[in-house]
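Novice: Requesting a structural model of the entry that follows:
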Amino acid sequence: MKAVLILLDSLNRHLLPVYGSDWVIAPNMQRLAERSVRFDNHFIGSAPCMPARRDILTGRLNFLERAWGGVEPFDVCFTETLSRQGIFTHLVTDHYHYFEVGGENYHCTFDTWDLHRGQESDKWISTVKPPVEPPHLGRWARPYARNRTAFKREEDYPSQRTFAAAIDWVRTNGQEDNWFLMVEAFDPHEPFDVPQEYLDMYGDDWEGPELIWPTYGPDDLDPEALLHLRRQYAACLTMTDRWVGLLLDELERQGCMEDTLIILTTDHGHMLGEHGLLAKNYMHSYDELAHIPLLVHLPGGERGGERRDQITQNIDLAPTLLEHFGLAWEHPIHGISWWPCLRDAQAPAREYALYGWHGSTISVTDGRHAYLRAPATEANEPLYQYGAMPANFIRYWPPTTFASIEAGRFLPYTEMPVFRLPMHRPRSQFISETLLFDRRNDPRQEHNLAGQPIEQRYIELLCKAMRESDAPPEQYLRMGLV
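Specialist: Alright, predicted model coming up:
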């Protein structure tokens, strides 16, 4: 048995032709879709990057119990289960967060791994003399200014080197049996940096300052600049799509399209002016961020072109892959295998998707409506994070918090004591209001139904979903649910 997971970062479902976009160019994802089962109600669990990857590897929701962090000592990752059963696992990636504080041990769960340097703020190219900051809109960072000096050709960009390495791996190993390959490209994540030829495909005529890296905040760009930014994103997506196609070509040459499960999805979307916002993670989990693409190519292209309406999430990847290899899960999880849905378009599936980011809103959908519950008070408390790995995004928990940390057996699914750290994170101005949307009749999520009688149904669904997902008890207090 063989399987390939193609995980792209910040891939916007609503901009893919396979999901109805009429202006973005992505023929290779369309080509894959024609031979795949397309899922139409696929959602994130936890976001952003590392929380999403912990979801994927463990089959458990991360965001209810902690923020960004590494694999925990008590986690059971499906990659380790595969390895113990003789299934060779390989990771090829340019997602540099795996190798920073707060990204510990993810790559260590694979038999082998291959990192390609240079994305975003990766501390790679070393020059004592700092680069000159040019005129620009949005963000600019010295590490990336240094890194991009190494990108002389398209083939030099990190995601493109990632795909090239994956192609080489398939060329060497594709005709062997019993392997799992995870191809994880950082693109089309910002900065949306591409050779000019890809912008030319979109007729981009921008003459203003550099704009490849949007700020995390309200959209303050004029219409011409926002159009250019959206074209930059689309150009990055098109470049990524080209390399997806080159990987598919090699899989076909090695006969893998006939005997290999191939999954393409993402960790989350990215706001490009929708709801007047840019980027991610400080706002509500609107569908532009939470409703994501999923294509599942069955060996031989079985059921190619079919669609599925059942609700699915990224926490379902682990049990699905284990079932593909004939293995069972070893640990309590929240994920549900997709195989019943893959075999039968009418098969029962999950009742809801529960999703969000730590310390922010908690959201639930039954497919028809999406309920985005805001914290009950401006203080946004009580709020804790739990774990044995005392690190978040690129830094350890600060010494000023040490006196308030407790240790105990706080998590119901492990006997290991963990740290519990009180978090003081006031409610963001962007999530002060609870939202409820009818996704069928209001796909842009513009008309808030919260406060109407229908909200009670979704309060009850949210409470049920939180109970079944092992939400720590203080989350109910924080959200005003008790």
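Novice: next one: stretch 278-285 to chain centre, how far?
Specialist: Shown here is stretch 278-285, whose average C-alpha point lies 13 Å from the average C-alpha point of the whole chain (Cα atoms, centre = their mean, to the nearest Å).
Novice: in the stretch 301-450 of the chain, which segments are predicted with low confidence?
Specialist: Counting by pLDDT under 70, the stretch 301-450 of the chain contains no low-confidence range.
Novice: Which parts of the stretch 301-450 of the chain are helices?
Specialist: Counting by DSSP state H, counting those that start in this stretch, the stretch 301-450 of the chain has these helices, from start to end: 317-324, 339-343.
Novice: Residue 61: which of those helices is closest?
Specialist: For the helices of the stretch 301-450 of the chain, proximity to residue 61 was assessed by Cβ to Cβ; helix 317-324 is nearest, at 12.0 Å. C-beta here means a position set from N, CA and C on the backbone, and glycine is covered the same way.
Novice: Not counting the closest one itself, show me its contacts.
Specialist: Outside of helix 317-324, the residues that reach it under the criterion Cβ atoms under 8 Å, 6 or more residues apart in numbering are 1, 3, 5, 56-59, 77-78, 81-82, 180, 261, 263, 265, 328-329, 333, 335-339.
Novice: Put the buried members of those into a ChimeraX selection.
Specialist: If you want just the buried ones from these in ChimeraX, going by 16 or more other Cβ atoms under 10 Å, the selection is:
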select :1,3,5,56,57,58,59,77,78,81,82,180,261,263,265,329,333,335,336,337,338
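Novice: Please parse the chain into its domains.
Specialist: Recorded structural domains for the chain (assignment: automatic domain parsing) are 2-343, 353-478.
Novice: Do a quick rundown of the helices in the stretch 51-200 of the chain.
Specialist: For the stretch 51-200 of the chain, the helices identified by DSSP H, counting those that start in this stretch occupy 78-84, 142-147, 158-173, 196-200, in order along the chain.
Novice: Let's have those helices in TSV, adding distance to residue 102.
Specialist: Rendered in TSV, the data for these read as follows (distance: least, Cβ to Cβ, whole Å):
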stretch	distance to residue 102
helix 78-84	19
helix 142-147	16
helix 158-173	20
helix 196-200	32
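Novice: Save those as TSV, and put in mean pLDDT too.
Specialist: Conversion of the helices of the stretch 51-200 of the chain to TSV gives the following (pLDDT from 0 to 100):
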stretch	mean pLDDT
helix 78-84	97
helix 142-147	98
helix 158-173	98
helix 196-200	98
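Novice: who wins for proximity to residue 348 among those?
Specialist: Counting by Cβ to Cβ, residue 348 lies closest to helix 78-84 out of the helices of the stretch 51-200 of the chain; the figure is 23.4 Å.
Novice: Show me where the stretch 101-250 of the chain dips below the pLDDT cut-off.
Specialist: Along the stretch 101-250 of the chain, segments meeting pLDDT under 70 are nowhere present.
Novice: Can you report how many residues neighbour residue 113?
Specialist: 17 (other Cβ atoms under 10 Å).
Novice: which ones among the contacts of helix 317-324 are found in strands?
Specialist: Counting by DSSP state E, the members of the contacts of helix 317-324 that fall within strands are 3, 5, 180, 261, 263, 265.
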